[in-house]
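> My questions concern the predicted model and sequence given below.
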Amino acid sequence: MKDELLVINTLVFLEQMQLGILQQELLKEIHKVGVSNAEIRREFIVDFESELNEIKKKSKEFNINLFYSVPDLLYKNGILQSESIENYFKEAFSMNCTNLKMNIGEVETINEADIQVLNTLCDQYLIKLTVENDQTPEGGKVDKIKRFMDEVTKIGSNVSVTFDIGNWVWQGEDPVTNASLLKEYVSYIHLKDVLGNKPPKLVLLSEGDVDWENTLAILPKNIPLALEYPCGTDAVAQLTKEIAILKERYSF
């Protein structure tokens with residue numbers, strides 16, 4: 001496994017963040033396990049004015065490249081949310097992030113003007129934009145994501161896909177099948193294992209029902225891969241074990 005492609009999403013430290021630990025403080029913990037990429041989650045930022053700057057400072061101190069996860073939609077009621085999207089790009093840029101992840105939202109027809117807006121933002125801020133399959137019926141179905149990607153790619157979009165292996169469980173869809181359908185568009189992978197109960201439950205690698213090894217075998221190699229699931233009270237120790245499992249069973 002190429003260590004430089006491994007990303008740690010701060011959801012790994014969910015218990016610590018729930019106790020008030022800020023994400024900039026977690027960058028030191030990520031550095032401890034020898035990883036040089038972190039994904040910041042917007043929903044856990046409390047004070048944007050101070051935290052964005054501190055995250056940037058800490059990322060430079062520990063030489064960590066940043067990704068930015070935003071739980072919002074590109075489209076609402078069929079309209080591209082240009083103002084909000086640009087604000088997220090500005091936030092990402094202020095932290096020196098290289099990637100911004102959102103969800104597609106509510107749209108039927110994509111027009112060239114919308115794609116030009118998104119392409120311009122990517123070029124202006126030097127940030128890659130991806131859309132993710134989330135855990136909702138509105139944003140987590142492969143048919144919708146493939147239709148969107150087929151259309152925007154035909155127009156000439158720079159948007160690509162963050163393929164979340166575990167999230168398909170919430171839709172009752174097969175990640176192996178969906179990997180074959182979307183692989184040409186995937187530039188980033190989120191890895192988690194899930195127990196397919198009702199409701200599904202996030203678990204540690206190889207404690208769930210997800211065929212993540214065969215899914216990874218289909219998806220592109222040499223692209224960033226993030227671990228994105230809570231690792232408990234002693235997150236650094238557990239994360240070290242999770243990375244070892246990944247390295248044993250998967251090669252970029």
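Looks like it came in fine. Residues are numbered from 1 along each chain as shown.
> ok, I165 - contacts?
Going by CB atoms under 8 Å, 6 or more residues apart in numbering, I165 touches P175, A179, I189, H190, L191, K192, V210, W212, T215, L216. Heads up, the C-betas are built off the backbone N, CA and C, glycines and all.
> export those residues to a markdown table and tack on secondary structure and neighbour count?
Output for these, formatted as a markdown table (DSSP: H, G, I helix; E, B strand; the rest coil; neighbours: other CB atoms under 10 Å):
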| residue | secondary structure | neighbour count |
| --- | --- | --- |
| P175 | helix | 25 |
| A179 | helix | 23 |
| I189 | strand | 23 |
| H190 | strand | 24 |
| L191 | strand | 24 |
| K192 | coil | 23 |
| V210 | coil | 26 |
| W212 | helix | 23 |
| T215 | helix | 22 |
| L216 | helix | 23 |
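> Of all pairs in these, which one is the farthest apart?
Spatially, the most separated pair among those is A179 and K192, at 14.6 Å (CB to CB).
> sorry, back to before: using a markdown table, lay out the contacts of I165 together with distance to E112 and pLDDT.
Formatted as a markdown table, the contacts of I165 follow (distance: CB to CB, whole Å; pLDDT from 0 to 100):
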| residue | distance to E112 | pLDDT |
| --- | --- | --- |
| P175 | 32 | 98 |
| A179 | 29 | 98 |
| I189 | 29 | 98 |
| H190 | 30 | 98 |
| L191 | 35 | 98 |
| K192 | 36 | 97 |
| V210 | 38 | 97 |
| W212 | 37 | 97 |
| T215 | 33 | 98 |
| L216 | 35 | 97 |
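> of all the residues you listed, which comes closest to D47?
Using CB to CB, the contacts of I165 come closest to D47 at H190, 26.5 Å.
> What distance do you get for the closest one to E43?
Using CB to CB, to the nearest Å, we find H190 at a distance of 15 Å from E43.
> for E213, same thing?
From E213 over to E43 (counting by CB to CB), the distance is 30 Å.
> Counting neighbours, go ahead and name the busier of these two.
When E213 and E43 are compared for neighbours, E213 comes out ahead with 14 against 10, by other CB atoms under 10 Å.
> Sheet partners, orientation included, of the longest strand along the chain?
Longest strand in the chain by number of residues, with DSSP state E as the criterion: strand 65-76. The partner list of strand 65-76 in its sheet, established with DSSP bridges, is strand 37-41 (parallel), strand 79-80 (antiparallel), strand 97-105 (parallel).
> Buried residues in stretch 62-76, which are they?
Of the residues in stretch 62-76, F62, I64, N65, L66, F67, Y68, S69, V70, L73, L74, Y75 count as buried by neighbour count, 16 or more other CB atoms under 10 Å.
> for stretch 89-99, that is, sorry about that
Neighbour-count burial for stretch 89-99 flags F89, E91, A92, F93, M95, N96, C97, T98, N99 (criterion: 16+ other CB under 10 Å).
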